[in-house]
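K.L.:
take this sequence and fold it.
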Amino acid sequence: MMKRTILALCSTLPAIASDLPPAIPNGPVTYDTVSYQNSAAYNDPYLPEHTAYTAPVTPAVTSGDIGHITLNAYTSNYNVRGMGFTNDLTNYGYSSISGSATLPNRNLFGRGIYQRISGSYGIIWGAGDYLGDTNVAEANYAVGKEIFPNLTAEIGYSLRYGGFEGFMAKYYDDAAHTMSQDLNFTLRFNDRQRGFFGSMTWGWAFKGLNGVYGDIELGYRFTDVINAANLGADLELSAGIAPSFDYWAGGADGIDAYRIRAALPLFTHSGTMGRDARLQLTPWAQFSWSGSNAAKIDRRTQGGPIDHFLFTFGCDLGWRF
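P.N.:
Have a look, this model is predicted:
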């Protein structure tokens, strides 16, 4: 019995010895050179050493990133930043086409500054009035930059011809033509995830008209208020205010107009219209009322042109490219 126990113990000694830690070597220890170049850690830009830098890839420009063209087939009333006019200056109706495009170089001076050109052309319907059958044109150039996520800032130049601004420039500010020029600064915010949007513009008119004007708007976008078989719609509600200082006539300092606007951007579930599609269709309605500057403009023109309460509706057909 003792003999068999000793033999079994001896047979297990090699297995026990293989599980024991190796003996500590005597003398200096040498290590082979290890390369990390093919590992994920080598390419981690946050490691202080052994890092590799790859230049960021510029995303490809897709549809809608360059610009848009918008046709306003009909607007029930002509107005400027919510301030509308009675039949003394225009009969009901206004049509326009506008467009905007961002130039290819979007990294001026290596600072991510882009260039944008825009313009519009419209006709006021109403034969026989001061502004009747009048052409209204505008051209703009601006440089801008996204300063925070969803927030861009632009500095631009605008040339305006015709319309109420041109009428006031020629007949009441002694300009040679129905034309005005201004420099402007604009902040735009659009958070598509949370639905908030808005803009703020301040302009300094230095030719034709002379003064300062502003336009401030804040809004919220409700998604999927209409969700039919293949047609849906969002709802954009916004409120705006348009102040000006010595812009229309001497001493006219205050508010031109207040406004509330509702727009209904339509979209199809197949992706052929609306949201990220090229084709856009947006019916809208706006209610505005004049501010403290209305009476001052009326006294200056001696014609009472300002419509103190105005309901305007229209439909915009757009194309993004």
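K.L.:
spatially nearest residue to residue 103 (excluding sequence neighbours)?
P.N.:
Spatial nearest neighbour of residue 103, excluding adjacent residues (C-beta to C-beta, 6 or more residues apart in numbering): residue 115 at 4.2 Å. From N, CA and C alone the C-beta is placed, and that goes for glycine too.
K.L.:
for whichever strand or helix holds that neighbour, packing partners?
P.N.:
Here residue 115 sits within strand 114-124, counting by DSSP states H and E. Packing partners of strand 114-124 (3 or more C-beta pairs under 8 Å, 6 or more residues apart in numbering; DSSP states H and E): strand 94-102, strand 134-148.
K.L.:
what number of residues lie near the residue nearest to residue 103?
P.N.:
17 (other C-beta atoms under 10 Å).
K.L.:
hmm, residue 107 and it touching each other?
P.N.:
No: using C-beta atoms under 8 Å, residue 115 makes no contact with residue 107, being 10.5 Å away.
K.L.:
okay, the helices and strands packed on strand 114-124 in a markdown table with mean neighbour count and mean pLDDT next?
P.N.:
Shown next, in a markdown table, are these (neighbours: other C-beta atoms under 10 Å; pLDDT from 0 to 100):
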| stretch | mean neighbour count | mean pLDDT |
| --- | --- | --- |
| strand 94-102 | 18 | 93 |
| strand 134-148 | 16 | 94 |
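K.L.:
hmm, back to that, list the buried residues in the strand holding residue 115.
P.N.:
Neighbour-count burial for strand 114-124 flags 114, 115, 116, 118, 119, 120, 121, 122, 123, 124 (criterion: 16 or more other C-beta atoms under 10 Å).
K.L.:
residues in contact with the second one?
P.N.:
What it means is residue 115. Counting by C-beta atoms under 8 Å, 6 or more residues apart in numbering, residue 115 makes contact with 102, 103, 105, 106, 108, 141, 142, 143.
K.L.:
which two from those residues end up farthest apart in space?
P.N.:
Distance extremes for the contacts of residue 115: the farthest pair is 106 and 141 at 15.2 Å, using C-beta to C-beta.
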